[in-house]
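Colleague: Need a 3D model of the sequence below.
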Amino acid sequence: MKMKGKKVVSINFILVVVILSVFFLSLIGNNDVKVVYVSEVKAIYRGDEKKNNVSLMFNVYENTDIVKNIIRVLNENNVKATFFVGGCWADDNEETLSLIRDSGNEIGNHGYFHKDHKKLDYTGNKNEIYNTYKIVKELSGVETKLFAPPSGSFSSVTLDTADDLGYKIIMWSKDTIDWRDNEEEKIISRATKNLSNGDLILMHPKPHTLNALNSIISIIIDKGFNIVSVGENIGLSV
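Modeller: Residues are numbered from 1 along each chain as shown. Alright, predicted model coming up:
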């Protein structure tokens, strides 16, 4: 009787294996099945926490005159920032793009048309990033290595695409939310409150941000921090 019981168990086990095998084989043959990959690449939210450096980063799709004045304020304070430029903006603003480069500031990639990269497939992500790379390279000679996804929206596909193109995805540790709020004191507070090593401070070329910039720079320096490009902050040679 014991031997018979063992045979029944063995047969049942074989049946389960066969059923599962048929099920998975049917999935493989089903064109509607989507395989989800989890990227091992990570986005960067702050720089080296062992060094007392922070970075000012500007995402640029508009307000060229303000961009120029931001560069002027940076020059007057002898500090450098990183400008993540949209490709369609760069295409129409070669002079200002060159001004960013010639003033010693860093140029990053912000996609071509400010799309939601989380909703894009691999080809869509690649087109946005690579087309911006090409236009910036053509107009300024700069090979961008840092990508800031518009609105901070990205997926594992975005991470893998950027990695394939040789890019680091840059987020932020402090957000001034200056695209929404225009109170200078709020902008200053959000940029400088509870500063810590490696902070990446997100801003945009807005009139109120320009007006707050001198104070932001002064407070950061008074607190004993150095203001450096994002590339330097994260230890990337650019």
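Colleague: list the buried ones in the helix or strand hosting Ser98?
Modeller: Following DSSP states H and E, one finds Ser98 within helix 94-102. Residues of helix 94-102 classed as buried by neighbour count (16 or more other CB atoms under 10 Å): Thr96, Leu97, Leu99, Ile100, Arg101. No exception for glycine: its C-beta is placed from N, CA and C like everyone else's.
Colleague: helices or strands next to that helix in the packing?
Modeller: Judged by 3 or more CB pairs under 8 Å, 6 or more residues apart in numbering; DSSP states H and E, the packing partners of helix 94-102 are helix 64-76, strand 82-85, strand 106-109, helix 122-140.
Colleague: Make TSV from those and add distance to Lys174 to it.
Modeller: Written out in TSV, the entries for the helices and strands packed on helix 94-102 read as follows (distance: least, CB to CB, whole Å):
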stretch	distance to Lys174
helix 64-76	17
strand 82-85	14
strand 106-109	17
helix 122-140	24
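Colleague: can you tell me which strand in this structure is longest?
Modeller: Among the elements of the chain assigned as strand by DSSP state E, the one spanning the most residues is strand 53-60.
Colleague: what's the angle between that strand and helix 64-76?
Modeller: An angle of 160 degrees separates the directions of strand 53-60 and helix 64-76 when computed by axes from the mean of the first three to the mean of the last three CA atoms, to 10 degrees.
Colleague: strand partners of strand 53-60, parallel vs antiparallel please.
Modeller: When pairs are called by DSSP bridges, strand 53-60 turns out to pair with strand 82-85 (parallel), strand 200-203 (parallel), strand 226-227 (parallel).
Colleague: coming back round to it: can you tell me which of the helices and strands packed on helix 94-102 is nearest to His204?
Modeller: Distances from His204 to each of the helices and strands packed on helix 94-102 were compared by CB to CB, and the smallest falls on helix 64-76, at 9.0 Å.
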